[in-house]
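K.L.:
Using only what follows, build the 3D model:
(one chain, ligands or ions: 1)
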Amino acid sequence: MKFFLDTANVEDIRKANDMGIICGVTTNPSLIAKEGRDFKQVVAEIASIVDGPISGEVKATTTDAEGMIREGREIARIHRNMVVKIPMTVEGLKACHTLAAEGIKVNMTLIFTANQALLAARSGAAFVSPFVGRLDDISVRGTDLISEVAEIFHAHGIRTEIIAASIRHPMHVTECALAGADIATVPYKVIEQMTRHPLTDQGIEKFRKDYEAVFGN
Ligand code: E4P
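P.N.:
Model (predicted):
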């Protein structure tokens, strides 16, 4: 499983990119609004940092296919790595179909069932984003959805990549990797949590003490 960073914060993107662990970034309207910066400017800056797929979503106020197609073409023009993120609706599927036929990559987002994922794949989406954490929030096991989608895509030879989204903690990451997600898009905080283990800290401290006792610092 590969990692994308789920943020529009360029400092966090630089930190994760410097570790060499991410190969893409996803944004959404809430994440863009949180940064309070111009959409095109921020995604262009992200694309200049990370050399991989960068998802930029159509406006949260655009609900018709025509509007999504128009905006999708504009987003694709920002940088060769841009992926157009489109919400899973009937209009979204129409937009996905048109954009995919033009060679523009689409990430179909807000996926909560295997059927939605299958429809998105059949309309030409390069990526689907099933939301794990938001399902857990309503007492439905989000990682079960990842397993279902992975099994269906495998059984039918579908090459659309599964981005496990709405990742809230390190266990989500492990479970999504086991469930067969191609990618997990993860907040920077979760990446940091994943690096830690108390025995690692204790080990570093013991090595330091043992070394200093003989050689000084
Ligand atoms: C997906 O691409 C979304 O940006 C994201 O993962 C949503 O996560 P949330 O449910 O924590 O807002």
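
K.L.:
what about this protein, any weak spots by pLDDT?
P.N.:
Counting by pLDDT under 70, the chain contains no low-confidence segment.

K.L.:
tell me the centre residue of it?
P.N.:
Among the residues of the chain, the one closest to the centroid is Thr185, at 3.1 Å (CA atoms, centre = their mean).

K.L.:
In contact with that residue, which residues are there?
P.N.:
Phe3, Phe4, Leu5, Asp6, Gly24, Thr26, Ser129, Ile163, Ala164, Ala165, Ile167 (CB atoms under 8 Å, 6 or more residues apart in numbering). Placement of C-beta: from N, CA and C, glycine included.

K.L.:
Would you confirm that Ile162 belongs to a strand?
P.N.:
Yes. Applying DSSP: H, G, I helix; E, B strand; the rest coil, one finds Ile162 inside a strand.

K.L.:
Distance check, it against Ile54.
P.N.:
Distance check for Ile162 against Ile54: by CB to CB, to the nearest Å, it reads 18 Å.

K.L.:
Break down this structure into its helices, ranges please.
P.N.:
10-18, 29-35, 39-49, 65-78, 90-101, 114-122, 132-137, 142-155, 170-179, 188-195, 198-215 (DSSP state H).

K.L.:
From one end of stretch 109-129 to the other, what's the distance?
P.N.:
Distance between the two ends of stretch 109-129: 5 Å, counting by CA to CA, to the nearest Å.

K.L.:
repeat for stretch 52-70
P.N.:
Distance across stretch 52-70, first residue to last, is 23 Å (CA to CA).

K.L.:
Show me which positions of it end up buried.
P.N.:
Judged by neighbour count (16 or more other CB atoms under 10 Å), stretch 52-70 contains these buried residues: Pro53, Ile54, Ser55, Gly56, Glu57, Val58, Thr62, Ala65, Met68, Ile69.

K.L.:
And for stretch 179-194?
P.N.:
Taking 16+ other CB under 10 Å as the basis for neighbour counts, the residues of stretch 179-194 that come out buried are Ala179, Gly180, Ala181, Asp182, Ile183, Ala184, Thr185, Val186, Pro187, Tyr188, Val190, Ile191.

K.L.:
Likewise for stretch 141-150?
P.N.:
Using 16+ other CB under 10 Å as the test for burial, stretch 141-150 gives Gly142, Thr143, Leu145, Ile146, Ser147, Glu148, Val149, Ala150.

K.L.:
Which residues outside it are in contact with it?
P.N.:
The contact list for stretch 141-150 (CB under 8 Å, 6+ apart) reads 111-114, 117-118, 128, 130-136, 162, 164, 166, 172, 175-176, 179-181.
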